[in-house]
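1. Build me a model from this:
(one chain, ligands or ions: 2)
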Amino acid sequence: MKQLLDETEIRNRVSLLAEQIAHEYRGKPLTVIGILTGSMILISDLIRRIDLPLRLGLIQASSYRGKTVTPSKLIVNESLVPDIAGRDVLLVDDIFDTGFTLSEIGKKVTARNPNSLKTLVLLWKEGRSRVPFQPDFFGFRIPDSFVVGYGLDYNDEYRHLPYIAVLDEKEM
Ligand code: IMP
Ligand code: MG
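-> Ligands and ions are numbered 1, 2, ... in the order given. Coordinates of the predicted model:
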C-alpha cells in the first residue's frame with residue numbers, strides 16, 4: 001500500500017486543529033460528537049489536545065457498503081447522543097467524500113436544538129461533493145482515491161494502521 005500521510009504529519013495537523021477548535025469555542029459549552037466507527041481514532045487524539053472543558057457524544061452511522069465502495073442507504077444509531085440543547089456542537093467525521101453522511105447526520109443533530117453546529121473532518125476528497133456545504137474545519141485535502149488507516153476501513157479492516165494509505169484496487 002502507498003502511504004499518503006504518515007503518523008507525524010497526522011499528529012501535527014490534529015494538534016493544529018485542536019488549537020483552532022480551542023480558539024473558536026473558548027467560553028462556550030462545547031460538545032464534540034464523533035461519528036462512529038471511522039472517527040474514533042481522530043476523536044480520541046483530537047479531544048485530548050483541545051484545552052477547554054468539553055463533553056463528548058457519539059453517533060453511529062453505517063452505510064452497509066460491505067465490500068463495495070459505493071455508498072448505499074445510511075443507517076443511523078442515535079442512542080449515544082447526549083442532550084445538546086443550547087450547546088455548541090462540533091460534529092467530527094473521518095472523511096468528507098460525497099458529503100452525504102455529514103449532511104444526513106447534521107440534520108438529525110440540528111433537530112436536537114443545539115446552539116450552533118459546525119463540522120470537522122480529517123480528510124476532504126477533491127471534487128466528489130454532492131451536497132451544498134463544506135466542512136468548517138478539515139485536516140487534509142486528498143485526491144480521489146480510496147484510503148484506509150487511522151480509523152478508516154475497507155470492509156472493516158485496516159482501521160488500526162497509525163498512518164493513512166491508498167488501497168489499490170487489486171487489494172479490494
Ligand atoms: P460520504 O457520505 O460520501 O461523504 O462518505 C463518508 C463516509 O464514507 C465516511 O464516514 C467513510 O466511512 C466512508 N468513506 C468515504 N470515502 C472513504 C475512503 O476513501 N476510505 C474509507 N472510507 C471512506
Ligand atoms: Mg465511516
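
2. Low-confidence bits of the chain, can you list those?
-> 64-72 (pLDDT under 70).

3. Which of the three states applies to Asp94?
-> Classification of Asp94 using DSSP: H, G, I helix; E, B strand; the rest coil returns strand.

4. Let me know how buried Arg13 is, in neighbour terms.
-> Arg13 is flanked by 15 other residues according to other Cβ atoms under 10 Å. Glycine gets a C-beta too; all of them are placed from N, C-alpha and C.

5. Distance of it relative to Thr98?
-> Distance, Arg13 to Thr98, using Cβ to Cβ, to the nearest Å: 23 Å.

6. which residue ends up closest to the midpoint of the protein in space?
-> Note on the chain: the residue nearest the mean C-alpha position is Asp93, at 1.1 Å, using Cα atoms, centre = their mean.

7. In contact with that one, which residues?
-> By Cβ atoms under 8 Å, 6 or more residues apart in numbering, the contact list for Asp93 reads 34-35, 38-39, 101-102, 105, 119-121.

8. So which bits of the chain are right by ligand 1?
-> 38, 71, 93-101, 146-148, 152 (Cβ under 6 Å from any ligand atom).

9. Just to be sure, which of these are found in strands?
-> Judged by DSSP state E, strands contain the following of the residues of the chain next to ligand 1: 93-96, 147-148.

10. from those, which two are the most distant?
-> Greatest spacing in these, by Cβ to Cβ: Phe96 and Val148 (16.2 Å).

11. The two: which has the busier surroundings?
-> Each of Phe96 and Val148 has its neighbours counted (other Cβ under 10 Å); Phe96 has more, 25 against 21.

12. ok, which stretches of this protein are strands?
-> 2-5, 30-36, 54-62, 75-77, 88-96, 116-125, 137-142, 147-148, 164-166.

13. Which residues does the shortest one contact?
-> Contacts with strand 147-148, where a contact means Cβ under 8 Å, 6+ apart, come from 1, 4, 95, 123, 154, 157-159, 161, 164-167.

14. ChimeraX command for the buried members of those?
-> In ChimeraX, this line selects whichever of the contacts of strand 147-148 come out buried by 16 or more other Cβ atoms under 10 Å:
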select :4,95,123,154,158,159,161,164,165,166,167
